[in-house]
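Undergrad: Mind looking at a prediction? Sequence and model below.
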Amino acid sequence: MKDSDYATKPVFVKNFMDGFKAALKNGPHAFITDFSKCDFTKMYMHFLAIREKKKEMTSEEKKRIKAQKDIDEEPYTWATIDGRREKVGNFRVEPPGLFRGRGEHPKMGKIKRRVVPEDITINIGKDAKVPEPPAGHSWKAVIHNDTATWLAGWNDVINVKDWKYVQFGATSTVKAESDQKKYEKARSLHKYIEKIRKDYKRNMMSESKEMAQLAVATYLVDKLALRAGGEKDEDLADTVGVCTLRAGHIKFMDDNVIEFDFLGKDSIQYLQQHKIDEVAYKCLQRFVQGKGPDVDIFDHVDPQKVNAHLQTLMPGLTIKVFRTYNASITLDRLLKDTKKNDTTLQKKATYDAANKEVAILCNHQKGVSKAHDAQMEKLAEKKKDLAKQVAEMKKKTDDKNQKKKLAALKERQSKLAIQMNMKEELKTVSLGTSKINYLDPRITLSWCKRHEVPPNVVFTKALIDKFHWAMDCEMEFSFVQEDAVEVKPAE
DNA sequence: GTACAGACTTGGAACAATATTA
DNA sequence: TAATATTGTTCCAAGTCTGTAC
């Protein structure tokens, strides 16, 4: 924490000091009140030393320790549901520490106290043996709710209204079934999408402000894959989604182009310009008219209303289904460009390019790694060096292998160029999130079958396990069902 | 209709393991 | 073979959405 930039944020420092002072209040160190006079170097060095020691261990030592840890934890990693023994996801409670809220979170730096057995509610079958709490302790409660899938839970110690749950792991039947349902729902949206698009285009012109806002909000959700944007408490970071967009978050440019600039989930900036539907553009101008930058654009609707309207058009449809639908159908469409005779490596590049497109659509970002610039510089050095080698080789007219060597050098040059390009382009784009949450695995796996690409080229072991339910999908699987008519993306 | 608790999914960062390069 | 880069996994914060109570 010391070398992260949290320690430079006043809110963080204040919250931390409030907690720290309270902890010291009745002891011999109660005189400590000023953060700037505190020197945590000794503690820092201590933890640094532990980390160094870990690094120095031989891989055999590391393996031995890991194996022992696995044995110790084994009893806690399984639970039985409907007679099946299945993997538990997060079986450990969260350890004490300092709260690391994202963005400008008003509670960042608060001390997260230890969670004790007395905080924990156990949810277990009526006749099952209740796990023993640690000696001298007892559980807060033991309940038998067989309509919920969580195994244990406690009130979060920072946002007390929130609950934290112990859940089954990604490979479990409950998770697999719900994942499957999610993708089937997104897939069936395709059958309704034309009707829905017609509906919102018509309603944009409605006299009713609520109807018009409903329509424009749905349009933005469909076209830009934005999130719903529920109302948030004051004591959380100020982030927004469609329904909570404020006038200051959009700028009207020429030619029906709108610039969106707001902080979304996890305080990730959404900064994109889009040419949008002419009527929607005019509607938005009307919605913001006379409003200051801090006033809601969609003051007549909220996610509940949008979802209720969507459900009049398709059973079970909600805003987030559009994200899944548009992500999956984009992958489906782009993978069609895969060339039959390409090498596996080239096919993977096609896949990654499609994946990247989806990540940009969903605005999945990551921070630029600290080493990025240095790494790029290194590659640039390499590029220079290669250029020099090429120039020298060109002079060696007496070398009978000159042509061959030159070709090899050129090949290395082009590979390096592609590598540099990719690295720069992906420095802020996160590909993993859409793979885990938005892309129907059957699109990927059927593509693997058709193009003879082993699944582990595009999926990690954990993902292959998570998507076990999709492994035996048909080679001809198509996200767009056969009986569906052709539909173009939202304009 | 609205507010809120409850339950579950989604998300980036940190950390760990593995692969690649010098 | 060590240093560095890349890939994979874990952690836990932060969303969405449903059901219920008034």
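TA: Alright, I've got the coordinates. This structure is a prediction, so every number in the text was calculated from the model and none was measured. Numbers count the residues shown, from 1 in each chain, chains lettered A, B, ... in the order given.
Undergrad: Domain-wise, how is chain A divided?
TA: The record's domain parsing of chain A by automatic domain parsing lists A:1-56, A:74-169, A:174-326, A:330-470.
Undergrad: Enumerate the residues of the stretch 151-300 of chain A near DNA strand C.
TA: Within the stretch 151-300 of chain A, the positions adjacent to DNA strand C are A:156, A:158-159, A:162, A:227-230, A:232, A:236-237, A:239, A:241, A:264-267 by C-beta under 7 Å from any atom of the strand. C-beta here means a position set from N, CA and C on the backbone, and glycine is covered the same way.
Undergrad: at 6 Å instead, please
TA: Residues of the stretch 151-300 of chain A found near DNA strand C (C-beta under 6 Å from any atom of the strand) are A:156, A:227-230, A:232, A:236-237, A:239, A:241, A:265-267.
Undergrad: got a winner among these for most neighbours?
TA: Using other C-beta atoms under 10 Å as the neighbour criterion, A:Gly229 leads these with 24 neighbours.
Undergrad: What sits closest to A:Val390 if chain neighbours are left out?
TA: Nearest non-adjacent residue to A:Val390, counting by C-beta to C-beta, 6 or more residues apart in numbering: A:Leu409, 5.1 Å away.
Undergrad: since we're on that neighbour, how many residues are nearby?
TA: Using other C-beta under 10 Å as the criterion, A:Leu409 is surrounded by 18 other residues.
Undergrad: Also A:Leu406?
TA: A count of nearby residues for A:Leu406, using other C-beta under 10 Å, gives 16.
Undergrad: go on, A:Tyr76?
TA: A:Tyr76 has 12 nearby residues by other C-beta under 10 Å.
Undergrad: ok, it - contacts?
TA: A:Val88, A:Phe91, A:Arg92 (C-beta atoms under 8 Å, 6 or more residues apart in numbering).
Undergrad: Give me the subset of the residues you listed that also touch DNA strand C.
TA: Applying C-beta under 6 Å from any atom of the strand to the contacts of A:Tyr76, those adjacent to DNA strand C are A:Arg92.
Undergrad: any chance of the contacts of A:Tyr76 in a markdown table, plus neighbour count and secondary structure?
TA: Output for the contacts of A:Tyr76, formatted as a markdown table (neighbours: other C-beta atoms under 10 Å; DSSP: H, G, I helix; E, B strand; the rest coil):
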| residue | neighbour count | secondary structure |
| --- | --- | --- |
| A:Val88 | 17 | strand |
| A:Phe91 | 17 | coil |
| A:Arg92 | 9 | coil |
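Undergrad: Quick one: the strands in the stretch 101-250 of chain A, in order.
TA: With DSSP state E, counting those that start in this stretch as the criterion, the stretch 101-250 of chain A has strands at A:111-112, A:121-123, A:141-143, A:152-155, A:163-166, A:250-252.
Undergrad: would you turn these into CSV with mean neighbour count and distance to A:Lys403?
TA: Formatted as CSV, the strands of the stretch 101-250 of chain A follow (neighbours: other C-beta atoms under 10 Å; distance: least, C-beta to C-beta, whole Å):
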stretch, mean neighbour count, distance to A:Lys403
strand A:111-112, 17, 66
strand A:121-123, 18, 72
strand A:141-143, 13, 77
strand A:152-155, 20, 69
strand A:163-166, 16, 65
strand A:250-252, 14, 56
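Undergrad: Figure out which of these is closest to A:Val279.
TA: Evaluated over the strands of the stretch 101-250 of chain A, closeness to A:Val279 peaks at strand A:250-252, with 14.2 Å, by C-beta to C-beta.
Undergrad: Sheet-wise, list the partners of that closest one with their directions.
TA: Note on strand A:250-252: by DSSP bridges, its sheet partners are strand A:257-263 (antiparallel).
Undergrad: could you check whether the strand it pairs with is close to DNA strand B?
TA: No. For strand A:257-263, no contact with DNA strand B is found by C-beta under 6 Å from any atom of the strand; the gap never falls below 11.3 Å.
Undergrad: Return the residues of the stretch 351-491 of chain A in contact with DNA strand C.
TA: Contacts of the stretch 351-491 of chain A with DNA strand C, taken as C-beta under 6 Å from any atom of the strand, map to A:Ala371, A:Gln375, A:Lys378, A:Lys423, A:Gly432, A:Thr460, A:Lys461, A:Ala462.
Undergrad: Can you tell me the SS state at A:Thr80?
TA: Per DSSP: H, G, I helix; E, B strand; the rest coil, the secondary structure class of A:Thr80 is strand.
Undergrad: so who does it touch?
TA: Counting by C-beta under 8 Å, 6+ apart, A:Thr80 touches A:Glu86, A:Ala128.
Undergrad: Let's see that with 10 Å instead.
TA: A:Glu86, A:Ile124, A:Gly125, A:Ala128 (C-beta atoms under 10 Å, 6 or more residues apart in numbering).
Undergrad: ok, now A:Phe168?
TA: Contacts for A:Phe168 (C-beta under 10 Å, 6+ apart) come out as A:78-79, A:81, A:86-90, A:149-151, A:174-176.
Undergrad: A:Gly264 too?
TA: With C-beta under 10 Å, 6+ apart, A:Gly264 has these contacts: A:Leu226, A:Arg227, A:Gly229, A:Thr239, A:Val240, A:Gly241, A:Val242, A:Tyr270, A:Asn363, A:Gln365.
Undergrad: Over to A:Arg85?
TA: Going by C-beta under 10 Å, 6+ apart, A:Arg85 touches A:Trp78, A:Ala79.
Undergrad: rewinding a little: nearest to A:Lys415, of the strands of the stretch 101-250 of chain A?
TA: strand A:250-252 (40.8 Å).
Undergrad: C-alpha coordinates for stretch A:111-125, PDB please?
TA: Provided in PDB are the C-alpha atoms of stretch A:111-125 (Å, rounded to 0.1, in the frame of the first residue of the first chain):
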ATOM      1  CA  ILE A 111      -9.800  -0.100   8.300                       C
ATOM      2  CA  LYS A 112     -11.400  -3.400   7.400                       C
ATOM      3  CA  ARG A 113     -11.700  -5.200  10.700                       C
ATOM      4  CA  ARG A 114     -11.300  -9.000  11.000                       C
ATOM      5  CA  VAL A 115     -14.500 -11.000  10.300                       C
ATOM      6  CA  VAL A 116     -15.100 -13.400  13.100                       C
ATOM      7  CA  PRO A 117     -17.300 -16.500  13.300                       C
ATOM      8  CA  GLU A 118     -19.900 -14.500  15.200                       C
ATOM      9  CA  ASP A 119     -20.400 -12.500  11.900                       C
ATOM     10  CA  ILE A 120     -21.000 -15.600   9.800                       C
ATOM     11  CA  THR A 121     -24.400 -17.000   8.800                       C
ATOM     12  CA  ILE A 122     -24.200 -20.600   7.600                       C
ATOM     13  CA  ASN A 123     -26.700 -21.800   5.000                       C
ATOM     14  CA  ILE A 124     -26.900 -25.500   5.000                       C
ATOM     15  CA  GLY A 125     -29.400 -28.400   4.500                       C
END
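Undergrad: Report the rounded mean pLDDT for it.
TA: Here stretch A:111-125 scores 96 as its mean pLDDT.
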